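Visitor: Generate a structure from the sequence data that follows.
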Amino acid sequence: MDALARMLVGWFSLPGNGLSTIFAVAFVSATLLPMGSEPVVFGFVKLEPDQFWVAIAVATAGNTLGGMVDYWLGLGAHEAVARGKQTIHLKWLQRLGPRALFFAWLPVLGDPLCAVAGWLRLPFWPSVGWMALGKFLRYVAMTAALMGVPDAWWHALVRPFSGG
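Guide: Numbering: from 1, shown residues only. Purely as a prediction, here's the structure:
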């Protein structure tokens with residue numbers, strides 16, 4: 001079992017394999033399937049600290065695309081089912097508009113929020129923009145916090161902007 005575990009960790013640590021795994025897990029976890037992608041992002045960044053921003057970008061892209069699928073599912077559901085009675089929650093979401101999708105990163109609520117945005121026919125690209133911003137900030141915060149030692153992740157965060 002130890003040899004298998006070492007082989008899997010070695011495979012996962014390869015940037016090409018790890019990044020595609022991050023994308024796939026982030027995509028699936030953004031759909032209505034219950035799955036978390038943060039441990040995969042953290043594990044990869046722990047093994048490849050220089051790939052911090054690449055991993056965050058790949059996870060954000062996969063998770064946002066998964067949220068877009070939720071949006072389209074909601075839009076399709078709206079087309080298939082006659083619009084029912086408006087609840088106070090739906091009215092609140094309509095009033096807030098695409099900005100509400102900033103909270104698409106929230107556990108339990110985020111995925112259905114994307115589907116309801118499609119149901120309500122909120123503007124697609126602004127919804128995607130707010131969705132991506134929230135998901136990006138979540139991945140940065142969660143991965144940086146999980147890195148544990150402030151020095152380790154601080155250098156990964158600052159290095160791309162310091163020119164060195």
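Visitor: How about the contacts made by residue 122?
Guide: Contact criterion C-beta atoms under 8 Å, 6 or more residues apart in numbering gives 93-94, 97-98, 100-101 as the residues in contact with residue 122. To be clear about C-beta, it is placed using only N, CA and C from the backbone, and glycine gets the same treatment.
Visitor: Show the subsequent helix or strand relative to the helix or strand that contains residue 46.
Guide: Remark: residue 46 resides in helix 38-47, with elements defined by DSSP states H and E. Next helix or strand after helix 38-47 toward the C-terminus (DSSP H and E): helix 52-80.
Visitor: list the buried ones in that next one?
Guide: Within helix 52-80, the residues scored as buried using 16 or more other C-beta atoms under 10 Å are 52, 54-71, 73-75, 78.
Visitor: low-scoring stretches of the chain, by residue?
Guide: Low-confidence segments of the chain (pLDDT under 70): 1, 5, 7-16, 32, 79-86, 149-164.
Visitor: Name the residue closest to the centre of it, please.
Guide: Nearest to the geometric centre of the chain sits residue 63, at 3.4 Å (C-alpha atoms, centre = their mean).
Visitor: wouldn't it be in contact with residue 27 here?
Guide: Yes: using C-beta atoms under 8 Å as the test, residue 63 is close enough to residue 27 to be in contact (6.9 Å).
Visitor: Which strand or helix spans residue 34?
Guide: When secondary structure is defined by DSSP H and E, residue 34 falls outside every helix and strand.
Visitor: Sketch out the strands for this structure, chain order is fine.
Guide: Chain-ordered strands for the chain, with DSSP state E as the definition, do not occur.
Visitor: Could I get the contacting residues of residue 66?
Guide: Under the criterion of C-beta under 8 Å, 6+ apart, the contact partners of residue 66 comprise 26-31.
Visitor: Quick check: it vs residue 3, distance?
Guide: Taking C-beta to C-beta, to the nearest Å as the measure, residue 66 falls 34 Å from residue 3.
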